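# structure of the sequence below:
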Amino acid sequence: MQGVRGRAGCQPAVVGLSVVHIEVFRDAHKRRKLLCGSLGWTVDWWGCGVAEFRFLTWNVQNLFAAGTEDGPPTQQAFDAKLASLAGVLDAQRPDVAALQELGPPEVLAQLQQRLSHQLPHQQLSEHPDGRGIRVGFLSRLPLEAPV
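Numbering: from 1, shown residues only. Modelled structure (predicted):
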């Protein structure tokens, strides 16, 4: 796991969760950019001074509804999993959360509803694997031009 530069103690204590290192730099055209760790993603950033951007990535391990083949056996177990996931997201307060092993869109919406740290914007992959597993993003700000 890597922490955000300049933030002591930001390493989460949950296995499979990471906060990605973010750097601010200028490109060849003198535009400010954010570089997200080894992912190689860049975002135009026109702000002044220092910015903090928290990016969290987490394999949530088969987030499917209760009673489905890959979901927990009971609604109580599903509710407990959602509460646990929401608790970590609320504690980490990311600007963007990249989540792996999501089931159908309804489960991501249920997770969003449980958050006190609002991440109102989402994008879910349109092409799940054979079991219906997807990847998705939750964001504090709108996501533009997803691929």
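# mind checking the SS state of the residue nearest to Ala66 when sequence neighbours are not counted?
Nearest non-adjacent residue to Ala66, counting by C-beta to C-beta, 6 or more residues apart in numbering: Phe78, 3.9 Å away. For every residue, glycine as well, the C-beta is placed using N, CA and C. Three-state assignment for Phe78 (DSSP: H, G, I helix; E, B strand; the rest coil): helix.
# quick one: contacts for Phe78?
Contact analysis of Phe78 by C-beta atoms under 8 Å, 6 or more residues apart in numbering lists Ala65, Ala66, Gly71, Pro72.
# then Pro73?
Ala66, Gly67.
# longest strand anywhere in the chain?
Scanning the chain for the longest strand, with DSSP state E as the assignment, gives strand 55-63.
# that one pairs with which strands?
Sheet pairing of strand 55-63 (DSSP bridges) gives strand 17-19 (antiparallel), strand 96-102 (parallel).
# can you tell me which of these is packed in deepest?
Stretch with highest mean neighbour count among the strands paired with strand 55-63: strand 96-102 (a mean of 21; mean count of other C-beta atoms under 10 Å).
# next structured bit after it?
Downstream of strand 96-102, the first helix or strand assigned by DSSP states H and E is helix 105-114.
# just to revisit the earlier point, for the strands paired with strand 55-63, which one sits closest to Ser125?
Set against Ser125 and scored by C-beta to C-beta, the strands paired with strand 55-63 come closest in strand 96-102, at 8.3 Å.
# export stretch 138-147 as PDB, just CAs?
Taking Å, rounded to 0.1, in the frame of the first residue of the first chain, the C-alpha atoms of stretch 138-147 are listed here in PDB:
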ATOM      1  CA  LEU A 138     -17.500   6.300  -7.100                       C
ATOM      2  CA  SER A 139     -16.600   9.900  -7.100                       C
ATOM      3  CA  ARG A 140     -17.100  13.100  -5.200                       C
ATOM      4  CA  LEU A 141     -17.200  15.100  -8.500                       C
ATOM      5  CA  PRO A 142     -18.800  14.100 -11.900                       C
ATOM      6  CA  LEU A 143     -16.800  11.600 -14.000                       C
ATOM      7  CA  GLU A 144     -16.300  12.900 -17.500                       C
ATOM      8  CA  ALA A 145     -15.900  10.900 -20.700                       C
ATOM      9  CA  PRO A 146     -15.600   7.400 -19.200                       C
ATOM     10  CA  VAL A 147     -14.100   4.800 -21.500                       C
END
